[in-house]
Structure formats: structure tokens, C-alpha cells
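# I'll drop the sequence and a predicted model, then ask my questions.
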Amino acid sequence: MCAAPIVEPAAIVVVAGILVGSVAAAQMGNAAPPAPAPAPVAGYDDHFFLQDGSGRNRLTLGALLQVHGSLFERGSGRESDFFLRRFRLEIGGQVEGFWRFNLEPKFTSDDFEFEEAWIGFEPSDDVKVMIGRMKEPFSLEEMISLKHLATVNLSILNQFVPAEGHGLTLQGRACRERVDWGAAVYRGGADGLNGGSEGAARLVLRPWGACDGAPLRGLQFGASATYGRAQEALEGDELKMEAREPFATFEPGAALDGDRTRVGAEAAWVAGPVQLLAEAVAFTHELEGALGSARARTQGWYGGAAWVVTGEERTFKGVRPARPFLPRTSSGPGAVELAGRWSRLHLSDHFVETGALAAGADPGRVESLDLGVNWYATWRARVKLHWLLTRYDRPIDVGGGPLRHEQALLLQFHLHF
């Protein structure tokens, strides 16, 4: 009688491993292959864009191109011109679904600068944090994109308003779009009147902002303020009228040296084809000149209106023609808009008393009337033709003899994508 074979435990383990491996391999052979990763997506949605399949990483590319023409009266001392006003690239996007960035290199006929260059994030759907160079939260006019202004140029007040600065900015929205707010600490992005370190804040209320169909849904009120210190030389800097031509130049020794405050109030209403805007700004600063120093105050206001004659809706994001002008397709007439703005700037007598401005270079008060027509071939392409009247309370001399008033025709060709 033969003895039963003795099986070693190690052999049992090896055999069991082979069996389990064979079963697992068979199951893997029968399993469906893993789903491929979503393919990257490219396209156009008001900007060209490229993003990964998840949508968490996205790059956008846009641009703004504006060519201007200015025609002045003979004998005014002004030189008519046709020139590149700006070409601005707009490069933005997000990384990992959280981080945001924006770069806006701007080219003009004789200069280059980064209008904006910032990184940021959105801790919630209603709050944005930005670090770098960006627009500061002050002035309705500054908050409206240059792509969508109804006029050719910004108002005469704008040269006393901070534009882009380097620092930290917070923006947010609350109460179902009834409240917009912004706060910032920054160093002015330019020297001169708007240089120096400041803090800024802006608050906008839309009482009927969440009421669909309400006639006053597009009505808003706002206030803003800045406070800081400035030690900036002004010698050779110019004060300009709305055609962006100088009417006064600061004298040697002119400077800002001390505290500076700005206070602004604004109101706007957009309803169907109509847009109404109004804003007032007061600018108080320590001013020095060859004849002494003083605390000077500059103030002004503007009121503007736009009406889309062809009936399309007018918003802060421009006009989209119902029948755009596209000659190689089924083309329409585009859209036509009438626009106007009345503005006033009052300079303190301290500009002359301190010697910051020469006695013959201070107009005291400057008033501007801008009337024009805008033709929107498409939302992205338009032509503007505006007539500008500028009046001075005291005559100025810009090389053609004393001027109490002057006229200009302004032309703009505009394309953005």
C-alpha cells in the first residue's frame, strides 16, 4: 500500500497564485478599456479660446484696435492728424479652475505699455481678488470698457481720475446683483497728477437690479473715493481737452506734495435703446509752485446720453445690431446710434497763485459739448463721427492766438475681437 504524497504548503501557495492570476487576467481581458480623456476644445466666444477637455484650464485671446482722426479749425494752432490711437492685445484665462490671469499689452503710434497685468482668484462666485496692475475702483467712466463707450474719447474729467495702478484689488457683487463693490490699495501706474500711493473704494446700488421687466431695472447709483499721498513733479505735464490736445502746461517747480483725496458720485440708467450717464468728481490736493503752496481743489461733472435709432438694446457691453453689415453674406444695414455729452471742469485759482500754471495758461473753467453718430457694422466693428465744441472761461493761447472756444471733428475706426 502506497503512502499518500505529501504536498508542501509552499507549493499550494504557488498553485493558488497561478489560478488567481489566470482568473484576473481573464477578467481584465473581458473588461471595457478605460474611457479616453476629453479632447481639448478650441473656438470663438467673444474671444478666441483654447481649453482642455475638463474646462479647468483655459486660454483666451482678444484685441482692440482703434484708429483716430482729428480735424481742427484753421488758425487755431492745432494740427489735424490721423493716427493709431491704440492696439491692445487681451490675453487671459484660468488655471486649474481657480487661478485667473490677464495681460493687456498696448501699442500706440509712439509708445508701449501694459495697461493691465494681473493674477487673481475667485474665492466665491461673487468675489474676485486681483494682484498686479489693473483698473482701480473709482469712476463709472473708468469701469466702462473702452470697447463700449458711446463717445470717441473719455471726458475732460478723466485726466484727474486714477486708471490702472499696481497693487491689490477686491471686487464683488451681492444681494442678487443689487450691489457692486470694490476696494483697493495701490501705487498709481502713472506719474504726475495720478501718481503716488492710495486706497480706493467704490459702491454701486441697483435697487431694482433683480426685478425682471421693471422699468427701472437698469437704474444705478454709486459713490467712490480715494485717499493717499503724492509727491510727484508736474513740470511739463499737460492738461488736455477732450480731443486730447493740451490747453495748459505745468511750469517748472510745479508739484504735488502731500495728501490727496478724490470723491465721486455717479448715476446711470439703461433701458432698451437708451443709455443715460452722469458723474461728478472733486479732486483736492497739496499743490506747489515757484510762487508758493496751497491746498487746491479741482472739480467737474459730465452728463451723457445715447440712443440707438435702429431700436437695438443699448447696454454697458455695447450694441449688437439685429441685422449686421456683412457684405459677403446676407447683409443688413447694421445699427445707428446718436450720442452726446456735456462736461465741465473747474480749475482752482491756486494753480496760478502758486505758479504751477502761468497766468495766461489758466482757463479757469473748461466746458465741452460732444455730439455724434455711431454706425455699428457689427458688434465688433464700428465707425464714429463726432463734433466737439470746447469753451474756455478765460482765453488760452496754443500758438494760434487767444482762444475762447474751438471746434473739432473726431473720427474713429474701431474693431475688437
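Looks like it arrived, so ask away. What you are looking at is a predicted structure, and each value in this text was computed from that prediction instead of being measured.

# switch to C-alpha atoms for all contacts and neighbour counts from now on
OK.

# quick check: closest non-adjacent residue to Gln66.
His414 (4.6 Å; C-alpha to C-alpha, 6 or more residues apart in numbering).

# er, Ala233 actually
That would be Ala255: by C-alpha to C-alpha, 6+ apart, it lies 4.3 Å from Ala233.

# so where do the strands sit in the stretch 51-200 of the chain?
Along the stretch 51-200 of the chain, the stretches classed as strands by DSSP state E, counting those that start in this stretch are 58-72, 81-95, 99-107, 112-124, 127-135, 164-174, 179-188, 197-205.

# just checking: what are the partner strands of the strand or helix carrying the residue nearest to Gln66?
Element membership for His414 (DSSP states H and E) is strand 402-416. Strand 402-416 has its sheet partners listed here by DSSP bridges as strand 58-72 (antiparallel), strand 381-397 (antiparallel).

# now do the longest one: distance to the chain's middle.
Just to be clear, that refers to strand 381-397. Counting by C-alpha atoms, centre = their mean, to the nearest Å, strand 381-397 is centred 23 Å from the centre of its parent chain.

# export only the CA atoms of it, formatted as CSV.
Output of strand 381-397 as CSV, limited to C-alpha atoms (Å, rounded to 0.1, in the frame of the first residue of the first chain):
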residue,chain,number,x,y,z
ALA,A,381,-16.7,96.8,-35.9
ARG,A,382,-17.9,100.4,-35.9
VAL,A,383,-17.3,103.9,-37.1
LYS,A,384,-17.8,107.1,-35.0
LEU,A,385,-18.0,110.7,-36.3
HIS,A,386,-18.3,113.4,-33.6
TRP,A,387,-18.3,117.2,-33.4
LEU,A,388,-16.6,118.7,-30.4
LEU,A,389,-17.0,122.3,-29.1
THR,A,390,-14.7,123.4,-26.3
ARG,A,391,-15.2,126.7,-24.5
TYR,A,392,-12.8,128.4,-22.1
ASP,A,393,-13.8,130.9,-19.4
ARG,A,394,-10.6,132.8,-19.9
PRO,A,395,-8.8,132.8,-23.3
ILE,A,396,-5.8,130.5,-23.8
ASP,A,397,-3.1,130.6,-26.4
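
# quick check: mean pLDDT across it?
What strand 381-397 shows for mean pLDDT is 95.

# repeat that for the shortest one.
In this model, strand 58-72 has a mean pLDDT of 96.

# and the angle for that strand with strand 99-107?
Orientation check (axes from the mean of the first three to the mean of the last three C-alpha atoms, to 10 degrees): strand 58-72 against strand 99-107 gives 30 degrees.

# same thing with the last one?
Here strand 381-397 runs at 60 degrees with respect to strand 99-107, directions being taken by the same axes, to 10 degrees.

# show me where pLDDT drops low in the stretch 251-400 of the chain?
400 (pLDDT under 70).

# which parts of stretch 49-69 are buried?
49-51, 57-69 (16 or more other C-alpha atoms under 10 Å).

# how long is that stretch from one end to the other?
When the termini of stretch 49-69 are compared using C-alpha to C-alpha, to the nearest Å, they are 33 Å apart.

# ok, Asn46 to Ala63 distance?
Rather than Asn, residue 46 is Asp. 11 Å.

# give me the common contacts of these two.
Contact criterion C-alpha atoms under 8 Å, 6 or more residues apart in numbering; residues shared by Asp46 and Ala63: Phe417.

# quick revisit: tell me which two in the buried residues of stretch 49-69 are the farthest apart.
Asn57 and Gly69 (40.7 Å; C-alpha to C-alpha).

# beta partners of Leu205?
Beta-bridge partners for Leu205, by DSSP bridges, are Val179, Phe221.

# that one reaches Ser224, doesn't it?
No: judged on C-alpha atoms under 8 Å, Leu205 makes no contact with Ser224 at a distance of 11.9 Å.

# look at these two and report which has more neighbours.
Legend: neighbour count by other C-alpha atoms under 10 Å for Leu205 and Ser224, higher for Ser224 (22 against 19).

# how near is the closest residue in space to Val129 that isn't next to it in sequence to Gln66?
The shortest distance from Val129 to any non-neighbouring residue, by C-alpha to C-alpha, 6+ apart, is to Leu170 (4.7 Å). The gap separating Leu170 from Gln66 is 30 Å, by C-alpha to C-alpha.

# and what of Leu385?
13 Å.

# quick check: neighbours shared by those two?
Residues touching both Leu385 and Gln66 by C-alpha under 8 Å, 6+ apart: Gln412.

# need the strands of the stretch 51-200 of the chain in JSON lines with distance to Leu216, can you?
Shown next, in JSON lines, are these (distance: least, C-alpha to C-alpha, whole Å):
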{"stretch": "strand 58-72", "distance to Leu216": "32"}
{"stretch": "strand 81-95", "distance to Leu216": "34"}
{"stretch": "strand 99-107", "distance to Leu216": "34"}
{"stretch": "strand 112-124", "distance to Leu216": "28"}
{"stretch": "strand 127-135", "distance to Leu216": "26"}
{"stretch": "strand 164-174", "distance to Leu216": "19"}
{"stretch": "strand 179-188", "distance to Leu216": "15"}
{"stretch": "strand 197-205", "distance to Leu216": "12"}
